[in-house]
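Peer 1: give me a 3D structure for the following:
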Amino acid sequence: MPIQALPQHLVNQIAAGEVVERPASVVKELVENSLDAGARRIQIEIDGGGERRIRVTDDGQGIEPDELSLALSPHATSKISSLEDLEAVASMGFRGEALASIASVSRLSLTSRTANHDSAFRLISEGGQAGQPEPVALPRGSQIEVRDLFFNTPARRKFLKTERTEFSHIDEFVRRIALARPEVGFELAHNGRALRRWPAASDEADRLRRVESVCGSDFIDAALTVDTQHERDNHRLHLHGWIARPSFSRSQANLQFFFVNGRLVRDRLVTHAIRQAYSDVLYSGRHPAYVLMLDMDPAKVDVNVHPQKTEVRFRDGRLVHDFLFSMIHRALSETRPGADDSSRAGHEPAVSAVQAGAGSSRPEWPQTTHQNALGLPVREQIQRYADLVATSSSASLPATSGEEVPPLGFALAQVHGVFVLAQNQHGLVVVDMHAAHERIVYERMKLSWQEDRIRSQPLLVPETVAASSAEITALEQHSKGLKRLGFELSLAGPQSMLIRAVPTLLAKSDVASLVRDVLSDLIELGDSRRIESAIDALLSTAACHGSVRANRRLNLDEMNALLRDMERTERSDQCNHGRPTWVQLDMKQLDSLFMRGK
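Peer 2: Numbers count the residues shown, from 1 in each chain. A predicted model of the protein is given here:
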């Protein structure tokens with residue numbers, strides 16, 4: 001066939017294949033347009049899972065009558081006008097192809113009214129063929145109705161799923177956008193039945209109610225508030241939102257919401273950073289839950305890498321990765337008895353705002369606070385405990401001499417050599433002594449290792465490994481970093497490298513695979529924590545074997561020493577494998593067990 005220009009109608013249908021995957025894609029584009037128009041209330045009405053009808057009504061700025069026809073033209077937009085605008089996109093949409101693409105595969109009605117006009121104007125299009133605007137009645141804002149989606153492209157229509165499945169995708173999108181824009185009210189109806197209604201949030205309590213309605217009350221109960229920022233060389237990062245405690249892990253990654261400048265994205269770099277931050281406190285195969293918003297300079301992130309704008313590319317991916325890992329890792333390190341009241345959702349942020357030094361070559365993230373030496377003397381606590389028991393006239397511990405009772409209280413007894421029972425101000429505390437001691441020993445071993453750093457062990461016979469050109473480049477660019485990790489590598493040829501030394505603790509592992517994995521991380525992310533993770537796994541195993549075992553009898557001194565160490569040890573709410581180390585039963589729960597007061 002000779003080269004020829006395609007008809008504009010066919011061009012729009014090809015574009016629709018990229019933008020309009022299913023009815024949920026239409027809802028996404030229309031709602032994002034409403035948000036860009038400054039809407040504070042958006043109504044979404046769906047019939048037949050979106051295949052039969054989609055109507056989105058907003059109270060935004062509206063469209064001028066003489067611009068209605070232009071709004072349905074391809075690559076017509078009010079959001080960018082120059083290359084500089086494209087390099088710093090702050091709006092949800094900007095390509096100017098969504099409405100034209102949707103109109104080419106549906107029967108579309110566009111009605112809009114601005115503050116400058118007494119009436120609205122409606123433009124009707126069928127299969128991309130638009131008529132003339134006509135005056136109609138409508139409050140200020142816009143209303144777009146899409147009927148008979150893919151009526152003129154039956155091949156695309158065959159790929160749609162059942163009505164229930166298609167609506168579930170729409171519902172999922174609305175839930176996510178409602179999290180990103182709590183200041184906007186949303187309503188969702190299906191087949192004439194109202195299903196979702198989120199009023200606009202005016203304060204933090206309203207925002208928490210919005211998060212609870214989307215993620216559930218269990219998430220809110222387990223959530224830690226994160227609010228922190230970093231600024232260096234005009235590069236400002238602000239992370240805020242909620243992360244769930246490790247005990248609230250999921251079998252699927254279905255409760256993970258990450259927004260960049262209000263845009264929901266799925267990014268491997270972000271997922272990797274958050275996964276690494278949770279790596280020390282999660283079961284293998286479990287997934288963390290979080291609702292996080294990252295605000296940054298629009299010029300520092302490229303959102304123009306995917307037609308549906310679900311992927312982004314960071315200008316400085318390593319900076320973003322390190323920032324996310326450090327902030328979330330720090331927040332999780334505070335999960336210990338007595339440290340959670342100020343970090344739970346609805347309280348002050350768990351991570352305060354920080355700034356790195358402007359002159360540093362690498363961001364100076366706040367370091368975690370190391371626990372004091374373990375095995376503290378507890379005879380004073382034991383004596384106070386004896387005094388409290390002697391003077392107690394109620395089920396709760398009274399205050400004595402103006403002193404506060406520790407978060408885990410004081411030991412009462414041991415059950416079957418497995419659990420420690422303690423009494424605090426709230427009621428009864430049950431501690432899994434092996435899990436708790438395992439975390440304490442593990443954190444102490446990590447602290448000792450961090451002070452000693454990574455030692456290298458030369459190989460008796462250097463090992464030659466085949467390498468790709470990308471791996472050779474990574475080796476040359478990150479030679480100092482690899483040496484810091486305990487490796488001594490050199491080039492042995494254009495497509496091979498020589499391993500001369502490896503980290504001492506990992507000398508018996510598969511050295512070649514380990515080197516390749518580290519180089520793969522360096523190629524993909526510019527950094528690697530694979531060595532630290534591998535050493536942590538070894539230390540975790542050693543801590544597990546070195547902790548107190550079941551049926552080990554402890555006296556009161558030893559039990560109270562364990563409780564005090566838990567209160568001073570980072571991440572002591574979970575053992576090394578992600579299991580909880582203690583539970584609290586308050587007096588209300590204890591009363592309900594025996595039906596007291598009923």
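
Peer 1: may I ask which helix or strand encompasses residue 229?
Peer 2: Secondary-structure assignment from DSSP states H and E places residue 229 in strand 223-232.

Peer 1: identify each buried residue in that strand, please.
Peer 2: Of the residues in strand 223-232, 223, 224, 225, 226, 227, 228, 229, 230, 232 count as buried by neighbour count, 16 or more other CB atoms under 10 Å. (Each C-beta comes from the backbone N, C-alpha and C, glycine too.)

Peer 1: mind checking pLDDT for the fifth one?
Peer 2: So that's residue 227. In this prediction, residue 227 carries a pLDDT score of 93.

Peer 1: again, but for the last one
Peer 2: According to the model's per-residue confidence, residue 232 sits at a pLDDT of 72.

Peer 1: residues touching residue 468, list them.
Peer 2: Residue 468 sits next to residue 495 when contact means CB atoms under 8 Å, 6 or more residues apart in numbering.

Peer 1: any weak-confidence spans in the stretch 1-150 of the chain?
Peer 2: The model of the stretch 1-150 of the chain has pLDDT under 70 over residues 15-18, 85, 88, 93-96.

Peer 1: okay, strands next: where are they in it?
Peer 2: Ranges of strands within the stretch 1-150 of the chain are 41-47, 53-58, 107-113, 120-126, 129-130, 134-136, 141-147, based on DSSP state E, counting those that start in this stretch.

Peer 1: for residue 336, find the nearest of the ones you listed.
Peer 2: Across the strands of the stretch 1-150 of the chain, residue 336 has its closest neighbour in strand 41-47 (42.3 Å, CB to CB).

Peer 1: tell me the helices and strands packed up against the closest one.
Peer 2: helix 23-36, strand 53-58, helix 163-180, strand 185-190 (3 or more CB pairs under 8 Å, 6 or more residues apart in numbering; DSSP states H and E).

Peer 1: one more pass at 10 Å, please.
Peer 2: helix 23-36, strand 53-58, strand 141-147, helix 163-180, strand 185-190, strand 193-198 (3 or more CB pairs under 10 Å, 6 or more residues apart in numbering; DSSP states H and E).

Peer 1: in TSV, list these along with distance to residue 120 and mean neighbour count.
Peer 2: TSV is the format used below for the helices and strands packed on strand 41-47 (distance: least, CB to CB, whole Å; neighbours: other CB atoms under 10 Å):
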stretch	distance to residue 120	mean neighbour count
helix 23-36	15	23
strand 53-58	11	22
strand 141-147	8	23
helix 163-180	25	18
strand 185-190	20	19
strand 193-198	24	14
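
Peer 1: circling back: what helices or strands is the strand holding residue 229 leaning on?
Peer 2: If you count contacts as 3+ CB pairs under 10 Å, 6+ apart, strand 223-232 packs onto helix 204-215, strand 235-244, strand 290-296, helix 317-333.

Peer 1: rebuild those as CSV, extending it with mean neighbour count.
Peer 2: Formatted as CSV, the helices and strands packed on strand 223-232 follow (neighbours: other CB atoms under 10 Å):
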stretch, mean neighbour count
helix 204-215, 17
strand 235-244, 21
strand 290-296, 21
helix 317-333, 22
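
Peer 1: can you redo those as CSV with mean pLDDT and distance to residue 281?
Peer 2: As requested, the helices and strands packed on strand 223-232 are exported to CSV (pLDDT from 0 to 100; distance: least, CB to CB, whole Å):
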stretch, mean pLDDT, distance to residue 281
helix 204-215, 92, 20
strand 235-244, 92, 11
strand 290-296, 94, 13
helix 317-333, 89, 6
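
Peer 1: of all the strands of the stretch 1-150 of the chain, which lies closest to residue 301?
Peer 2: Using CB to CB, these put strand 41-47 closest to residue 301, at 25.0 Å.

Peer 1: name every sheet partner of the closest one and say whether each one runs parallel or antiparallel.
Peer 2: Using DSSP bridges, the strands paired with strand 41-47 are strand 53-58 (antiparallel), strand 185-190 (parallel).

Peer 1: mind putting the strands of the stretch 1-150 of the chain into a markdown table with distance to residue 433?
Peer 2: Output for these, formatted as a markdown table (distance: least, CB to CB, whole Å):
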| stretch | distance to residue 433 |
| --- | --- |
| strand 41-47 | 53 |
| strand 53-58 | 57 |
| strand 107-113 | 66 |
| strand 120-126 | 70 |
| strand 129-130 | 74 |
| strand 134-136 | 73 |
| strand 141-147 | 62 |
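
Peer 1: and residue 259, that's in a strand?
Peer 2: Yes. According to DSSP: H, G, I helix; E, B strand; the rest coil, residue 259 belongs to a strand.

Peer 1: for residue 62, see how far away it is.
Peer 2: Separation of residue 259 from residue 62 (CB to CB, to the nearest Å): 26 Å.

Peer 1: out of the helices and strands packed on strand 41-47, flag the one nearest residue 413.
Peer 2: Of all the helices and strands packed on strand 41-47, helix 163-180 comes closest under CB to CB, at 45.7 Å.

Peer 1: quick one: residues contacting the residue most central in space within the chain.
Peer 2: The geometric centre of the chain, computed from its C-alpha atoms, lies nearest to residue 290 (CA atoms, centre = their mean), at 4.3 Å. Residue 290 makes contacts with 215, 219, 223-224, 226, 241-244, 255-258, 274, 277-278, 328, as judged by CB atoms under 10 Å, 6 or more residues apart in numbering.

Peer 1: ok, the closest residue to residue 415 other than its chain neighbours - contacts?
Peer 2: Of all residues beyond its chain neighbours, the one nearest residue 415 is residue 421 (6.3 Å), with distances taken as CB to CB, 6 or more residues apart in numbering. Listed by CB under 10 Å, 6+ apart, the contact set of residue 421 reads 409, 411, 412, 413, 414, 415, 428, 429, 430, 431, 559.
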